[in-house]
Every structure is written in C-alpha cells, then in structure tokens.
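# Just need the structure, nothing else, for what follows:
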Amino acid sequence: MKRLRVGVLYGGRSGEHEVSLASAAAVFANLDRTRYEPVPIRIDKDGRWVVADRPPTAISAAEVIGQARLDAARPVRSGREVHMVARPSPETILSIDRAVARQDEGKALVTGLNLDLIFPVLHGPYGEDGTIQGLLELANVPYVGAGVLASAVGMDKVLMKTVFAAHGLPVGTYRAVLRREWQRSSETVAASLESALGYPMFVKPANLGSSVGISKAKDRSGLTNAMELAGEFDRKIIVEQAVPDAREIECAVLGNDEPDASVPGEVVPSREFYDYEAKYVDEGSQVIIPADLPETVADEVRRLSIRAFLAIDCAGMARVDFLLPRSGAGIVVNEVNTIPGFTTISMYSKLWAASGVDYRTLLDRLIALGLERHADKQLLRTSLT
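All right, here's what the predicted structure looks like:
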C-alpha cells in the first residue's frame, strides 16, 4: 500500500510558536512510518516557509523555549525555502534553491513536491484562526482539523461566545473592548468594566491561546496593567467576570458531523490560575483524569462539549474548556480550542488515552477524518454548467 505523504505544518507567526514545535515533535515521533511519509514544513517567526532539514524533537514547550534562548545568540537558518501553490495542482509546494541562482545567471532551481494531506500543528494567529485553512482550501489540499469558519470563530473569543449563546450554551458574563477604545478613554472604559463585571476579572487578548497575554485583575491598577498587556497581542480584548472558586474542567472531542467526546479531566494549576508559565514552564500543575465529578455532571460536560463543537461547525478535533464552581452549580463553557496542544502529555491526547484511544490511533483517526471531509467537499458543484 502506498504511504500517504503528510506535510506536518508547524511553528508560525504567533506567541504560541514554541508550543507548536513541541506538538509537532510528538506528531513526527508517533506517525506510523509504514503508513505515512511525514514531511516537516516549518514556518519561521518571520513567516518564511521551509522544508526543515530535520523535524523538531523537543517534547515540551519549556524545552523549546530553553533551546530558543540558546539559539537567539547564534541564529541559523536551516531548510529549503518552499511556497504553497494556491490553486489545485499536482505540486502542492514548490521548493526554491536560491543558491543555484547565484551561480546560474539568476535562475533559481525550482522543484515541486506533492502532498496527500497537510497536518497543521499551528497554534494561535496565522495558523489556528482560519488563515492557513483558507490557503489549503484554495489549493484544494486535504487537511486535518477545523475549516475556515470554525477556526476563525474558535480563535476569536468574543465571536465564539456570541455563537455559543445563540445556541443556548451557558457562557459567563463578559465585555469586549477594542484597544483603540481603551487608549482613547481608559478611565471611562475601566469604570464601565467595574460596574458590569466587578473584581476580580480576567483580561485576555481575544485572538490568542495558550494563556498568552492573560491577566487576573483584582483592582484598578491591575486592570490597567492587564489591558495594556492584552493590547500588545491583539486589537480586541475580552474581559470576563471571574467564576468564583472555579474548577477548570476540560473535555476532548473527535469526529466530523457525528463527533465523540472523551472522559472529562481537571487541571489544578500550580499558580493562581492556569497561565502560560503554569501550563508550560512550571512543573507543579496537576492533571486529574478522569475528573472527580458526579456521573451526571461528567455526562453534561460531554454533552455540552459536543454541542459547542457542532455550534461552530468544527471538524476533526477540539478541546472544550469549562469553569465549574465548587458549589457544583452553574457550569460555564469557557472556550473551544480547534488545534489544542498536541504533545503526548498534552491534555487532549491524555483525555483520549484515558478514553481508550492511544496517541498513534488518534493520529490515524484525525488523518482519516481529514481525508473524509475533503472527499465530502469534492462532491459539491462549483459551476452551474
């Protein structure tokens, strides 16, 4: 049987670049070489695409960050420059060797490579937000995961909550603030947020993940600092009313039109809340799988996870995060992640492992789901004649 040539796309122009490298390393280490021929396609922080000389190997974001600090003093570009063909073509990507151009009257050597499927392991903007998915749709290349719409809505926390509310899902109280509004009238905006939400409140960039740029504001000074920080990462900021004494519950979803949900898990952060350091740098955060929940609550988490997945028309995979007051009442759907952290020790893969789906099988299922969704789209008419 012919092996599928799978382009694993990782890195990217976002604050979650390092997390992506760790996720990609796990994918490369576990793809069955008897079934797949993986091709490492790295997007550098400046947006340059290359076929890497070798795939990433660091298994955690903390390890990637440590290596990045070492490399900062001696940056080295490695890999062949590539460009995706943005139309249906037997050549998915074009590799350009500019060294040849310097030797041959400016004529660069261009070679084509056909890929059977793209596996985006990109987190955050320019990867998880529909931009890459739109390019892949133009090229008519099969790919793993959510499409353009679900990716865009899943990345924008304000639009996501709007869609959830329209579908009758329980969401917390929040307000959206444009960075320009804050810069123009910070005192007025702060007073309005205090009146609507009260302290404490969580301040987040609307379009980012991995807890990058998130702060917990407990007073006016903290709110000012939090708004300034969030505004460094996005033009739109979401401010959420804190759920009192909340437990952080997560559930993984797998499928297309008829998805399944895993057992729920609980995250016990090493810090006051589950920020970037607690997720990827500190070692004190705990994961409890399955979460210690009454059966009725666990069933409700799974049911709401599938509803949230379908509400944004998601496909392939997603992790749905909840906030559950310790009183046990008033569960809140916090957000959906369309490309969650994907290392072997990430919550998404661990939830499925606890549900009977190991990491290699999970990769097989996701690739099959990507091919299935692509085949379904090929049945659509694109012309009236």
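# Which secondary structure element of this protein has the lowest mean pLDDT?
helix 276-280 (a mean of 47; mean pLDDT, DSSP states H and E).
# downstream neighbour of it in the secondary structure list?
As assigned by DSSP states H and E, the chain's next helix or strand after helix 276-280 is strand 286-288.
# contact partners of that following strand?
For strand 286-288, contacts defined as Cβ atoms under 8 Å, 6 or more residues apart in numbering pick out 265-268, 270, 347, 350. For the C-beta atoms, the positions are set from N, CA and C on the backbone; glycine is no exception.
# hmm, which of the residues you listed are the buried ones?
265-267, 347, 350 (16 or more other Cβ atoms under 10 Å).
# Pull the distance from stretch 154-163 to the chain's centre.
14 Å (Cα atoms, centre = their mean, to the nearest Å).
# I meant to write stretch 222-237 there.
So, by Cα atoms, centre = their mean, the centroid of stretch 222-237 is 21 Å from its chain's centroid.
# Give the buried residues for that stretch.
Applying 16+ other Cβ under 10 Å to stretch 222-237 flags 222-224, 226-231, 233-234, 236-237 as buried.
# Send over it as CSV, restricted to the C-alpha atoms.
C-alpha atoms of stretch 222-237 as CSV (Å, rounded to 0.1, in the frame of the first residue of the first chain):
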residue,chain,number,x,y,z
GLY,A,222,-4.2,45.6,37.9
LEU,A,223,-6.9,46.2,35.3
THR,A,224,-4.8,49.0,33.7
ASN,A,225,-1.7,46.7,33.5
ALA,A,226,-3.8,43.8,32.2
MET,A,227,-5.4,45.9,29.5
GLU,A,228,-2.0,47.2,28.3
LEU,A,229,-0.6,43.7,28.2
ALA,A,230,-3.5,42.2,26.3
GLY,A,231,-3.4,45.1,23.9
GLU,A,232,0.2,44.2,22.9
PHE,A,233,-1.1,40.9,21.4
ASP,A,234,-4.5,41.9,19.8
ARG,A,235,-6.6,44.9,18.8
LYS,A,236,-9.6,43.3,20.5
ILE,A,237,-9.6,42.4,24.2
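# And the contacts of that stretch?
Applying Cβ under 8 Å, 6+ apart, the contact partners of stretch 222-237 are 15, 156, 158, 176-180, 182-183, 186, 189-190, 193-194, 199, 201, 203-208, 212-217, 239.
# Narrow those residues to just the buried residues.
Buried members of these, scored by 16+ other Cβ under 10 Å, are 15, 156, 158, 176-177, 179, 182, 189-190, 193, 201, 203-208, 212-217, 239.
# follow-up on the earlier one: just to be sure, which of the buried residues of stretch 222-237 are found in helices?
Secondary structure from DSSP state H places 222-224, 226-231 of the buried residues of stretch 222-237 in helices.
# Fine by me, we can end here.
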